[in-house]
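Novice: this one's sequence-less:
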């Protein structure tokens, strides 16, 4: 019992300290408050204060935050950039921006004008904001340990050149991008030189180019995001240590649109993702040492396109269902490994009832090779002659890669 | 004319082969929909039936039927009837009864399990292919007097439309691989009703794969209203042209 009392005492002491340390003020801004505009409110604030903004329409030009304060809005006050200015510039550490509607930023490709831009600082939190018609949405350069959470970004760009990215991070580390919704931008989420970050529960749809786009961004994790109906799907390049779990890649249509394009990606893990109704589910080029397991490929044109430049890719325990072509490739050499997948086109048998098919499955059909070499042959798709050719090729493989096969295909869906 | 059509249709519907054909279609389509765990696989098997079995049965049955009713035709010709009327009512009777067989055999299961754009397109294509192959069969019959040769020609025609033509197209594609062939391919596919039917059904079915570059070219044509109207127009042409040619031939034929 003595220990319990001691603990209570220590709690009391600690809470006293906390009370003293957060003796920060709250500064109210609004049409009938002391400060009529936010710039004046921020000027009056000191480090650690909260600037609380009433609902209303504010034209503050460029709002620069250079003190560690909390800037919070009540009922989404509107910050209008009048199509000229960058709206909020965060230039110091430990700033919180919460609950604003940020509209009409300027447009300039030279300066990358954004709705909210974080310059060389750390521990910044941007959450619960709505950004509409901004050039870049939320932009971080040289950020460290920042959180971008529950924001809604909506742009109405028509052309790639005239629109910026939704959430754009450049040379940042330990970022947390959580629960944002991005649409209508050039790239929904864009990373360059970003490391050790997590991208979780975001939705990125109907962006002009990519839903997610990153380059040279190592050791990041992408979990439970939805990428739907983007101009060119998702493209990730020149990175290693990429982890992708339980994401949805949906309805990315077009010849150069891919559910997921992997270019020069190494040492990565892709698991539990859904690829549904894409022209190509996954396209891989120069990728190596990637583990793919427990993914679902449903109703894609091509579930997987593996170029001959890939090696050491293991495709294990995935479901391939109702895809037009399961796997296609462009060469006869194959250094990748397929095992224990479920293929709905598998026609083998299972004599010993261990739920593993007794004969190997060859996911590359002759016709998919023909189409790869000679695209107009698509006109013969599902014709009698091509199915006849596929059947003969299955029995006597001559053109399709001999060792691209699943030796132990599953009999039932995983 | 209606009298002859009625007679021909009644005769064919009483025919055991057509009843068997109807039952076969019915059983196959029902079992496909109920056995396959996903509907898209059932539709694929059904697509193969529509593109292969339906033309085969239509062309061979019509050929044999017309040969077998040569005495009946001679009897009709001796009556005060126009030859054109006789021939056209024979065609209408055959096409009508085979379409009816397809509609009851495959149409009902499709409507039960897949009453959407894909299903309706499949039924439309099945009907059109039935009619087109009856027309082609009648052209083959009127061109050859010998029954064995006529049936042989019918089988060869079926083989040509469902297999050889595509083989030639593939050959052609590889010979001219260096040229952009997407647009010429649209014109080429109009030369074969089976290909037209297949492409029109696929436009409703395999949308994802069709959105690749080449697919998109086809989709931009066959997926739009002018394209669909063009393809249906071509298929009507495929019906009317053989019927017209065979009627002209029959008018002057020494029976």
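Specialist: Everything's here; your move. Predicted, not measured: the structure shown is a model, and the values here were computed from it.
Novice: I'd like the next helix or strand past the helix or strand hosting residue B:72.
Specialist: If you go by DSSP states H and E, residue B:72 is part of helix B:70-78. Sequence-wise, the next helix or strand downstream of helix B:70-78 (DSSP H and E) is helix B:83-102.
Novice: Check which residues of the helix or strand just after that next one are buried.
Specialist: Toward the C-terminus, helix B:83-102 is succeeded by helix B:108-113 as the next helix or strand (DSSP H and E). Within helix B:108-113, the residues that qualify as buried are B:109-110, B:113, counting by 16 or more other CB atoms under 10 Å in any protein chain shown. Any C-beta I mention is one placed from the backbone N, CA and C, and that applies to glycine too.
Novice: Low-confidence regions, the chain specifically.
Specialist: Chain wasn't specified; assuming chain A. Confidence mapping of chain A against pLDDT under 70 gives the ranges A:1-7, A:9-23.
Novice: Chain B, not that one
Specialist: B:206-212.
Novice: near chain A, which residues of it?
Specialist: B:38, B:40-41, B:44, B:47-48, B:51-52, B:162-163, B:166-167, B:169-170, B:173-174, B:177, B:180-182, B:185-186, B:188-189, B:195, B:198-199, B:202, B:206-216, B:218 (CB under 8 Å from any CB of the partner chain).
Novice: Show me which of the buried residues of helix B:108-113 is closest to residue A:255.
Specialist: Nearest to residue A:255 among the buried residues of helix B:108-113: residue B:110, at 31.8 Å, using CB to CB.
Novice: Could you verify my assumption that that closest one touches residue B:28?
Specialist: No: contact criterion CB atoms under 8 Å: residue B:110 and residue B:28 do not qualify, at 11.7 Å.
Novice: got the contact list for residue A:229?
Specialist: Each residue near residue A:229 by CB atoms under 8 Å, 6 or more residues apart in numbering or on different chains is listed here: A:205-206, A:250-253.
Novice: can you check residue A:34 too?
Specialist: Contacts of residue A:34 (CB under 8 Å, 6+ apart): A:27-28.
Novice: Mind checking what secondary structure residue A:148 has?
Specialist: strand (DSSP: H, G, I helix; E, B strand; the rest coil).
Novice: which residues does it bridge with?
Specialist: As for beta bridges, residue A:148 partners with residue A:126, residue A:177 under DSSP bridges.
Novice: Also the one 5 residues further on?
Specialist: With DSSP bridges as the criterion, residue A:153 is bridged to residue A:131, residue A:182.
Novice: Tell me, how many residues neighbour it?
Specialist: Residue A:153: 29 surrounding residues under other CB atoms under 10 Å in any protein chain shown.
Novice: repeat for residue A:183
Specialist: Residues near residue A:183, counting by other CB under 10 Å, number 20.
Novice: One more: residue A:84?
Specialist: Around residue A:84 there are 15 other residues, counting by other CB under 10 Å.
Novice: what does residue A:197 give?
Specialist: 24.
Novice: what's the closest non-adjacent residue to it?
Specialist: Counting by CB to CB, 6 or more residues apart in numbering or on different chains, residue A:197 lies nearest to residue A:175, which is 4.0 Å off, once chain neighbours are set aside.
Novice: From residue A:247, how far out is that neighbour?
Specialist: According to CB to CB, to the nearest Å, residue A:175 and residue A:247 sit 17 Å apart.
Novice: do the same with residue B:62
Specialist: With CB to CB as the criterion, residue B:62 and residue A:247 are 56 Å apart.
Novice: Helix or strand for residue B:250, just tell me which one.
Specialist: Using DSSP H and E, residue B:250 sits in helix B:225-251.
Novice: Need the distance between the two termini of stretch A:69-86.
Specialist: This stretch, stretch A:69-86, spans 19 Å end to end (CA to CA, to the nearest Å).
Novice: so how far is that stretch off the chain centroid?
Specialist: Distance, stretch centre to chain centre, for stretch A:69-86: 26 Å (CA atoms, centre = their mean, to the nearest Å).
Novice: Quick check on the spatially closest residue to residue A:28 that is not a sequence neighbour: phi, psi?
Specialist: Spatial nearest neighbour of residue A:28, chain neighbours left out: residue A:52 (5.2 Å); criterion: CB to CB, 6+ apart. Main-chain torsions, residue A:52, degrees, to the nearest 10: phi -110, psi 120.
Novice: Tell me who's in contact with residue A:52.
Specialist: Counting by CB under 8 Å, 6+ apart, residue A:52 touches A:26-29, A:72-74.
Novice: let's see it at 6 Å
Specialist: A:26, A:28, A:72 (CB atoms under 6 Å, 6 or more residues apart in numbering or on different chains).
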